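**Student:** pasting a predicted model and its sequence here:
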Amino acid sequence: MKAIVYTQYGPPGVLHLREVERPEPKDDQVLVRVHAASANALDYRRFEKLSIMGRLMEERFIKSVGKVLGADIAGVVEAVGASVKQFQPGDEVFGVTAGSKGGFAEYACAAEDHLALKPSNLSFEAAAAVPVAGLTALQGLRDKGQIQPGQKVLIYGASGGVGTFAVQIAKSFGAEVTAVCSTQNLEMAHSIGADRVIDYTKEDFTKNGQRYDLIFAVNGYHPLSAYQRALNPQGNYVCAGGALSQIFQALLLGSWLSRKKGKKMGFMGIAKTNQKDLALMGELLESGKVSPVIERYYPLSEVAEAIRYLAGGHVKGKVVITVGNLSN
Ligand SMILES: NC(=O)c1ccc[n+]([C@@H]2O[C@H](COP(=O)([O-])OP(=O)(O)OC[C@H]3O[C@@H](n4cnc5c(N)ncnc54)[C@H](OP(=O)(O)O)[C@@H]3O)[C@@H](O)[C@H]2O)c1
């Protein structure tokens, strides 16, 4: 089969289209003929200037060289492992690949419980945009953020992969949503349901006197004290990503500040792939409450280009990799 192989440590140019062995599913895995995949920060982080630490991490723990990257996939079940009960060849599915690798290929394996049936009204490309970003938004808002109907929720970094899902998921929970993004994305943020939008290039939402019940920080950076200022007394701040300094502050100081000031503040951790949440995303997609925002499509042979574009940090929604012909 054709796959994009990470041939050596280095920038995205080290990704090459190669002919490789088709993977064999383990007993609890499903082999999927991939129709579409999507790229995430976890796919490009390894290409950021590799410091000695970064390189050591890669060599010792992550060990990507010689492997096929790509976590998000949508496609058709080709074969199933001996203990798989829920899927059979021909089923249309979406989800996350085994070890979050292998998706930039014609075939990929995924654990049975990391897949869900693809809603029939959704293209493979749209379904492939969902898993990692959608689950991050869902779990950040619902589990860590404890989102409630009627709450005032602010999404900081609302225009990227996670942010565009977060705006729509927060609306589906009945929240009043403020989206923070740059000038070029204001209209899009309104179009996906934000009640209010703030242009971060013109206004600092932490200084305008507004207070929120829940702040979901997906991108960019503000000091923890600034987020705290923008929260209501019982408010909750959840960091999903953004600048490393933002993540470290949430990780290291969040619980201390929470104890001191009575507002909950912290990092959400890494989103956990599970079938229940994928199926819930499927329902939100099928009902039209959530609709993936996709800025660009790249063919499999151009994954390196897709990752370069994503790493630029200004994607509107998601970039999708098409494997074969674009279905819609
Ligand atoms: N915790 C987890 O499990 C988990 C899972 C997935 C991702 N993440 C993390 O979450 C973060 C976002 O991921 P993503 O996939 O959404 O990334 P992304 O799609 O690459 O984000 C791109 C968006 O970020 C916006 N942006 C860039 N700089 C900004 C700033 N200073 N302030 C506000 N918005 C800004 C851009 O909007 P403009 O063009 O308008 O600036 C663009 O729309 C990353 O740090 C990623 O590592 C965490």
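**Tutor:** Everything's here; your move.

**Student:** check which helix or strand covers the nearest residue to residue 76 once chain neighbours are set aside.
**Tutor:** Spatially, and ignoring its direct neighbours in sequence, residue 76 is nearest to residue 33 (4.9 Å; Cβ to Cβ, 6 or more residues apart in numbering). No exception for glycine: its C-beta is placed from N, CA and C like everyone else's. Take DSSP states H and E as the rule and residue 33 turns out to sit in strand 29-38.

**Student:** any idea which helix or strand in this structure has the lowest mean pLDDT?
**Tutor:** The helix or strand of the chain with the lowest confidence, counting by mean pLDDT, DSSP states H and E, is helix 52-57 at a mean of 73.

**Student:** need the contact list for residue 94.
**Tutor:** When contacts are counted by Cβ atoms under 8 Å, 6 or more residues apart in numbering, residue 94 touches 72-75, 115-116, 118, 124, 127-128, 130-131, 278, 282.

**Student:** can you name the next helix or strand after whichever helix or strand it is part of?
**Tutor:** Per DSSP H and E: residue 94 is located in strand 92-96. Downstream of strand 92-96, the next assigned helix or strand under DSSP H and E is strand 107-111.

**Student:** for that next one, what is the average pLDDT?
**Tutor:** Averaging pLDDT along strand 107-111 gives 98.

**Student:** can you list the strands that that strand pairs with?
**Tutor:** As defined by DSSP bridges, the strand partners of strand 107-111 come to strand 29-38 (antiparallel).

**Student:** report the inter-axis angle for the partner strand versus strand 92-96.
**Tutor:** 80 degrees (axes from the mean of the first three to the mean of the last three Cα atoms, to 10 degrees).

**Student:** quick one: strand 29-38 near the ligand?
**Tutor:** No: Strand 29-38 is not in contact with the ligand by Cβ under 6 Å from any ligand atom; minimum separation 9.5 Å.

**Student:** near the ligand, which residues of the protein?
**Tutor:** Counting by Cβ under 6 Å from any ligand atom, the residues of the chain near the ligand are 40-41, 132-133, 136, 156-157, 159-163, 181-182, 185, 200, 218-220, 240-242, 268, 270-271, 310, 313-316.

**Student:** which residues touch the residue nearest to residue 76?
**Tutor:** 75, 76, 77, 78, 106, 107.

**Student:** please, which helix or strand holds the first one?
**Tutor:** Assigned by DSSP H and E, residue 75 belongs to strand 72-80.

**Student:** name the helices or strands packed onto that strand?
**Tutor:** Where contact means 3 or more Cβ pairs under 8 Å, 6 or more residues apart in numbering; DSSP states H and E, strand 72-80 is packed against strand 29-38, strand 92-96, strand 107-111, helix 124-128, helix 131-139.

**Student:** what pairs with the helix or strand following the third one, parallel or antiparallel?
**Tutor:** This points to strand 107-111. As assigned by DSSP H and E, the chain's next helix or strand after strand 107-111 is strand 115-117. According to DSSP bridges, strand 115-117 forms sheet pairs with strand 92-96 (antiparallel).
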